[in-house]
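Undergrad: this is a predicted model, with the sequence first.
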Amino acid sequence: MTQRLRAMTPTERFAMAAEMTDFVCEQSLAAIAATMPDASPQEVQLRWCELHYGKPLTDRLRAYLAAGKA
């Protein structure tokens, strides 16, 4: 695996990292959604935000969304 990574261009390595990041985010959102079966997609995303960025920031985002600014 190390040799394969070394053989890649920086652009290829970045694309691989971005793809893996997308996959992990999709999987974590799916896991959260599974624990919140009645939640809307937005509620699941807000819970994801809370877990990753903290309650204070997520509360500010919730207020922003409630004010209709998004």
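TA: Now that the structure is in, tell me what you want to look at. Nothing here was measured: the structure is a model prediction, and the numbers come from that model.

Undergrad: make it CA atoms for all contacts and neighbour counts henceforth
TA: OK.

Undergrad: the residue sitting nearest the centre point of the chain sits in which helix or strand?
TA: Residue closest to the average C-alpha location in the chain (CA atoms, centre = their mean): C25, at 4.1 Å. Assigned by DSSP states H and E, C25 falls within helix 10-35.

Undergrad: immediately after the host helix or strand of V44, which helix or strand?
TA: Using DSSP H and E, V44 sits in helix 41-53. Sequence-wise, the next helix or strand downstream of helix 41-53 (DSSP H and E) is helix 55-66.

Undergrad: give me the buried positions along that following helix.
TA: Neighbour-count burial for helix 55-66, counted by 16 or more other CA atoms under 10 Å, picks out 58, 61.

Undergrad: name the helices or strands packed onto that helix?
TA: On a contact count with 3 or more CA pairs under 8 Å, 6 or more residues apart in numbering; DSSP states H and E, helix 55-66 meets helix 41-53.
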